[in-house]
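**Student:** Pasting a predicted model and its sequence here:
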Amino acid sequence: MCGIIAYLGDKEATPILIDGLYKLEYRGYDSAGLSVLEHKNLTSYKCTGKVSALDELIKEEALCGTIGIAHTRWATHGPPNDINAHPHNSEDDKISVVHNGIIENYLSWKSILENKGYHFKSETDTEVIAHLISYFKKEFKIGTEEALRRILQKVVGAYALVILDSDNPETILAAKRSSPLVFGIGDGEYFLASDVSAIGQYTDKFIFIEDDQIINIHRHEGYRISSLKNESIPAEIQEIDVQIEEIEKGGFPHFMLKEIYQQPQTIADSMRGRYHVEDKWVSVGGVKDHLDKFASIDRLIFVACGTSWHTALVAEYLFEEIARIPCEVEYASEFRYRNPIIRKNDVVIAISQSGETADTLAALELAKEKGALTYGIVNVVGSSIARMTDTGSYTHAGPEIGVASTKAFTSQLCVLSLMAIQLGHHLGRLSDELYHTYITELDSLPLKATKILSQDEKLRYIASEIKSASNALYLGRGFNFPVALEGALKLKEISYIHAEGYPAAEMKHGPIALIDLYMPVIVLATNESVLDKILSNIAEVKARKGIVIAIINEGNERIKDAVDFYVEIPQIKETLSPIISVIPLQLLAYHIAVMRGCDVDQPRNLAKSVTVE
Ligand code: AGP
């Protein structure tokens, strides 16, 4: 997804902008650019490729100026090329704009402006904003902020816009609708960014710009946040301490591997303060604050995308097994476009690492319109979903930089497990004995995760055996079916090997036709309750010369002889097993991707946070 950073202060802007773009690379992009303003002289540079290419491009240019904007572009309208990269400038180069989002009705405005003699250079939607500001200023003889205010009442779509105006060289203007934008307040300097990780090293004071707000930042007069009706809006300054080492690789070759290895810690962090072994209790704040609502709950509806949707699938098994609460799992993108039935005793739970996924946000808005209590399971503090839901729980996994989600998935599962256990016990559907057993099992998770990580070399060896495959099949039953889907997603999104996850019993209804000696089949075989069935599935694959890799419980001798490779995980209650059975699949995908020379942290075409439809 596009990344934005802007600076206004007493330092040279360029190094701060470039450093911020590097920190935003994880969002996924295909080109980058910046504009710097010195007195009234606005200079812009942009190019396709990595931030390092932009860095190289400007190296010989003695760029001066203490005010600037910069952007990494994830193409929506117009292919990745130099012209379509941001910033986009007005014809007189007085206005420079960077944008994250989509202007849905840009074509109609583009044709209006072309008929008035404006010339467009790019195929992007964003360029229309630069020309519209020029046009509105001239046509109505108004200032840049008023022009922006009027334009925003006429454009349709999602945006985080940041604008430089050489007629107002001491000012940065910005506006927000749907796409994230955070304002950082330093000591005599100001920052804007798509998320706090790009500017957390300069300040811990942030204001999250809300939808349909404009911020005017002036070097000497400070800042003003206003509505589209030009009403001043007092904004709350939030203090967030972004640990710099958290957004660095910490000696690992890739963020993804670092984040896989962080899981013993992040699993512990996600549960910290939410259970107690000795005193034998589980208490998640967001649930405790709405216990009356949950006590009369009819149904849980989960809305999410991608890996978070896989979390929701596991949650369905968890809540129905432990708390006996009916659940529905919905792709957020599907939920938002049909007319779902939501009853007053339904609770809608949105699961999202970034808290900015456009489809999930839209599904939540629909749920709120229909009067449901909305609950967010989010990782990024202060993100849009965290701020729009009635209540929720942060997963406390820390910044997840690798595009492929790993620690966020296991942290989400921990929080949802706690919620299911708490509600199950509160509703009298979970015996004290089982309640206490679960608490002990939860407490054992970090150590068990550590034990699995110690098998990394074995995963690397298995990866070397199957890295040349073109297709792969992941099979799992019960709780492990969503884990099979997640394992397949990990493999395909970073190694570009086509991979599918399937309920193991479904194999004979189609996928078995694919099995041959070139098709690795990864089987999640940790559920003792259906072991005989899984052994039959394995035999069916072996009979067709398929390669079988099994994730098994420690000591399960029966399966070891039936498969080509196996990885053992420590014994854990089946309901909690996805939290650790996914770890070998994360490592397997990671090693295969590295062996195939793929860009593990920034896979092609992917974005870390999909803030557009
Ligand atoms: C997962 O590895 C992918 N990066 C992607 O499927 C992701 O889970 C999805 O876009 C949802 O993101 P969210 O959790 O931030 O809403």
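**Tutor:** Done, it's in.
**Student:** what sits up against the helix or strand that contains K137?
**Tutor:** Here K137 sits within helix 127-140, counting by DSSP states H and E. Under the contact criterion Cβ atoms under 8 Å, 6 or more residues apart in numbering, helix 127-140 has outside partners 88-92, 94-97, 99, 103, 106, 109-110, 113, 116, 118, 120-121, 142-144, 146-148, 150-151, 155, 161, 163, 165. All C-beta atoms are positioned from the backbone trio N, CA, C, and that covers glycine.
**Student:** mind checking how far L535 is from the ligand?
**Tutor:** Distance, L535 to the ligand, by Cβ to the nearest ligand atom, to the nearest Å: 31 Å.
**Student:** mind checking the SS state of that residue?
**Tutor:** Recorded secondary structure, L535: helix (DSSP: H, G, I helix; E, B strand; the rest coil).
**Student:** Excluding sequence neighbours, find me the nearest residue to it.
**Tutor:** Once flanking residues are discounted, L535 sits nearest to A562: 6.1 Å by Cβ to Cβ, 6 or more residues apart in numbering.
**Student:** And the one you found, how far from V523?
**Tutor:** Look at A562 and V523: by Cβ to Cβ, to the nearest Å, they are 10 Å apart.
**Student:** which one of the two has more residues nearby?
**Tutor:** Neighbours were counted for A562 and for V523 using other Cβ atoms under 10 Å; V523 has more, 28 against 18.
**Student:** Surely the more buried one is within a strand?
**Tutor:** Yes: assessed with three-state DSSP, V523 lies in a strand.
**Student:** Any idea what it is bridged to?
**Tutor:** Going by DSSP bridges, V523 is paired in beta bridges with L475, A550.
**Student:** mind listing what it touches?
**Tutor:** Contacts of V523 by Cβ under 8 Å, 6+ apart are 474-476, 504, 534, 537-538, 541, 548-551, 563.
**Student:** and with 7 Å instead?
**Tutor:** V523 sits next to L475, A504, I534, N537, I538, V548, A550 when contact means Cβ atoms under 7 Å, 6 or more residues apart in numbering.
**Student:** and if you look at I18?
**Tutor:** V51, D55 are the contacts of I18 under Cβ under 7 Å, 6+ apart.
**Student:** I'd assumed it was in a helix, is it?
**Tutor:** Yes: counting by three-state DSSP, I18 is located in a helix.
**Student:** Need the per-residue pLDDT for it.
**Tutor:** I18 carries a pLDDT value of 96.
**Student:** Just the pLDDT for the residue of the stretch 251-400 of the chain found nearest the ligand.
**Tutor:** Residue of the stretch 251-400 of the chain nearest the ligand, by Cβ to the nearest ligand atom: G306 (1.9 Å). On the pLDDT scale, G306 is placed at 97.
**Student:** For the ligand, state which of the contacts of V523 is nearest.
**Tutor:** Nearest to the ligand among those: L475, at 19.9 Å, using Cβ to the nearest ligand atom.
**Student:** Surely the closest one is in contact with I538?
**Tutor:** No: L475 is beyond contact range of I538, at 8.9 Å (criterion: Cβ atoms under 7 Å).
**Student:** Which of these two has more residues huddled nearby?
**Tutor:** Between L475 and I538, L475 has the larger neighbour count (other Cβ under 10 Å), namely 29 against 22.
**Student:** Dump the top helix by length along the chain to CSV, keeping only the CA atoms.
**Tutor:** Longest helix in the chain, counting residues (DSSP state H): helix 432-453. Output of helix 432-453 as CSV, limited to C-alpha atoms (Å, rounded to 0.1, in the frame of the first residue of the first chain):
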residue,chain,number,x,y,z
ASP,A,432,-13.8,-25.2,36.5
GLU,A,433,-11.6,-28.2,35.9
LEU,A,434,-11.3,-27.6,32.2
TYR,A,435,-11.0,-23.8,32.8
HIS,A,436,-8.0,-24.4,35.0
THR,A,437,-6.5,-26.8,32.4
TYR,A,438,-6.8,-24.2,29.7
ILE,A,439,-5.1,-21.6,31.8
THR,A,440,-2.1,-24.0,32.4
GLU,A,441,-2.1,-24.8,28.7
LEU,A,442,-2.1,-21.2,27.7
ASP,A,443,0.8,-20.5,30.0
SER,A,444,2.9,-23.3,28.3
LEU,A,445,2.6,-21.8,24.8
PRO,A,446,5.7,-19.6,24.7
LEU,A,447,7.9,-22.4,25.7
LYS,A,448,6.3,-24.8,23.2
ALA,A,449,6.8,-22.2,20.5
THR,A,450,10.4,-21.9,21.4
LYS,A,451,10.8,-25.7,21.1
ILE,A,452,9.4,-25.7,17.6
LEU,A,453,11.7,-22.9,16.5
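**Student:** Show the average pLDDT along that helix.
**Tutor:** What helix 432-453 shows for mean pLDDT is 96.
**Student:** Okay, buried residues for that helix please.
**Tutor:** Using 16 or more other Cβ atoms under 10 Å as the test for burial, helix 432-453 gives 435, 438-439, 441-442, 444-446, 448-453.
**Student:** same thing with stretch 603-613?
**Tutor:** Buried positions in stretch 603-613, judged by neighbour count with 16+ other Cβ under 10 Å: P603, L606, A607, K608, S609, V610, T611, V612.
**Student:** do the same with stretch 548-567
**Tutor:** 548-553, 556, 559, 562-567.
**Student:** What segments of the stretch 401-550 of the chain are strands?
**Tutor:** 471-476, 498-503, 520-525, 547-553 (DSSP state E, counting those that start in this stretch).
**Student:** now the angle between strand 498-503 and the helix or strand hosting I592, please.
**Tutor:** I592 belongs to helix 578-595 when elements are defined using DSSP H and E. Put simply, helix 578-595 runs at 160 degrees to strand 498-503, going by axes from the mean of the first three to the mean of the last three Cα atoms, to 10 degrees.
**Student:** Would you mind putting the CA coordinates of helix 578-595 into CSV?
**Tutor:** Once non-C-alpha atoms are left out, helix 578-595 reads as follows in CSV (Å, rounded to 0.1, in the frame of the first residue of the first chain):
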residue,chain,number,x,y,z
PRO,A,578,-3.2,-23.8,15.7
ILE,A,579,-1.1,-21.3,17.8
ILE,A,580,1.9,-23.5,17.5
SER,A,581,1.2,-25.9,14.6
VAL,A,582,1.4,-22.9,12.2
ILE,A,583,5.0,-22.1,13.1
PRO,A,584,6.6,-25.0,11.1
LEU,A,585,4.6,-23.9,8.1
GLN,A,586,5.8,-20.3,8.5
LEU,A,587,9.4,-21.5,8.6
LEU,A,588,8.9,-23.9,5.6
ALA,A,589,7.4,-21.1,3.5
TYR,A,590,10.2,-18.7,4.5
HIS,A,591,13.1,-21.1,3.6
ILE,A,592,11.5,-22.0,0.3
ALA,A,593,11.1,-18.4,-0.6
VAL,A,594,14.7,-17.6,0.3
MET,A,595,15.9,-20.6,-1.7
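**Student:** from the chain's centre, how far out does it sit?
**Tutor:** Relative to its chain's centre, helix 578-595 lies at 19 Å (Cα atoms, centre = their mean, to the nearest Å).
**Student:** ditto for stretch 507-516
**Tutor:** 33 Å.
**Student:** Can you check the distance spanned by it, start to finish?
**Tutor:** Distance across stretch 507-516, first residue to last, is 13 Å (Cα to Cα, to the nearest Å).
**Student:** Could you list the residues in contact with it?
**Tutor:** By Cβ under 7 Å, 6+ apart, stretch 507-516 touches N471, L473, L475, E500, Y502, V521, N537, E540, V541, R544, K545, G546.
**Student:** Give me the buried positions along that stretch.
**Tutor:** Neighbour counts over stretch 507-516 (16+ other Cβ under 10 Å) mark M507, P511, I512, L514, I515 as buried.
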